[in-house]
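*Asks:* sharing a sequence plus its predicted fold:
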Amino acid sequence: MKRLLPVLAISLLTLAGCANTAPYSGNVYSGNQAKSAQTVSFGTITALRQVQIQADSRAGGLIGSGGGAVIGGLLGNQIGGGSGRDLATVAGAIGGAVAGTKVEEASNRIPAWEIEIRKDNGQSVVVVQKADQNFQVGQRVRLIGSGNNVSVAPY
């Protein structure tokens, strides 16, 4: 059992980072965007700020909390005996669930840019997207799409 715990812990940490981060990139289009007309406008970056996107877990947080509860319960079960062991197992499971949830949330954070753009028509907009390309204040860019589906690309 003691040899199994490190394997379970590594498995939990590996699975906790299972969020699909591709949709947050300016370089990735969804299937329904392919072969459809997108609006394009042009502008200049006036401000940049590094932020993080909290991606949703594919498993709805169950991997972190469930895995943490199992590992915490197993660790708690190693302590004491009788009713003390039972209490330690429950406390370990609860603490493990909380810790596992935090690990999963942290592993699903994506570095991103908050990009403020002054469009050529004078309107200012802010777009947040994955930081998978470099931008600079003063850089000319294209805004592709509309509404809640806009990507920023170098011009």
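*Replies:* Ah, there it is.
*Asks:* from Asp86, how far out is Ser151?
*Replies:* Taking C-beta to C-beta, to the nearest Å as the measure, Ser151 falls 54 Å from Asp86. The C-beta positions use only the backbone N, C-alpha and C, and glycine is treated the same way.
*Asks:* no, scratch that, I was asking about Leu48
*Replies:* According to C-beta to C-beta, Leu48 and Asp86 sit 54 Å apart.
*Asks:* these two: who's more crowded?
*Replies:* Leu48 (16 against 13; other C-beta atoms under 10 Å).
*Asks:* the helix or strand where that one lies - contacts with which helices or strands?
*Replies:* Assigned by DSSP states H and E, Leu48 belongs to strand 40-54. With contacts taken as 3 or more C-beta pairs under 8 Å, 6 or more residues apart in numbering; DSSP states H and E, strand 40-54 sits against strand 109-119, strand 124-130, strand 140-146.
*Asks:* now distance to Ile94 too, for those, in TSV please.
*Replies:* Formatted as TSV, the helices and strands packed on strand 40-54 follow (distance: least, C-beta to C-beta, whole Å):
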stretch	distance to Ile94
strand 109-119	24
strand 124-130	34
strand 140-146	44
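*Asks:* quick one, which of the ones you listed gets closest to Ala37.
*Replies:* Minimum separation from Ala37 across these (C-beta to C-beta) falls at strand 140-146, 10.2 Å.
*Asks:* after the closest one, which helix or strand is next?
*Replies:* Immediately after strand 140-146, counting by DSSP H and E, sits strand 149-154.
*Asks:* and that next one, average pLDDT?
*Replies:* Averaging pLDDT along strand 149-154 gives 91.
*Asks:* any chance you could list what contacts that strand?
*Replies:* By C-beta atoms under 8 Å, 6 or more residues apart in numbering, the residues outside strand 149-154 that reach it are 26-27, 33, 115, 117, 125, 127, 129, 133, 135, 139-145.
*Asks:* against Asp132, how distant is the nearest residue to Gln52 once chain neighbours are set aside?
*Replies:* Nearest non-adjacent residue to Gln52, counting by C-beta to C-beta, 6 or more residues apart in numbering: Arg109, 4.6 Å away. The gap separating Arg109 from Asp132 is 15 Å, by C-beta to C-beta.
*Asks:* now stretch 117-132: mean pLDDT?
*Replies:* For stretch 117-132, the per-residue pLDDT averages 94.
*Asks:* residues making contact with that stretch?
*Replies:* Counting by C-beta under 8 Å, 6+ apart, 21, 24-27, 41-46, 50-51, 53, 110-116, 141, 143, 150-152 sit against stretch 117-132.
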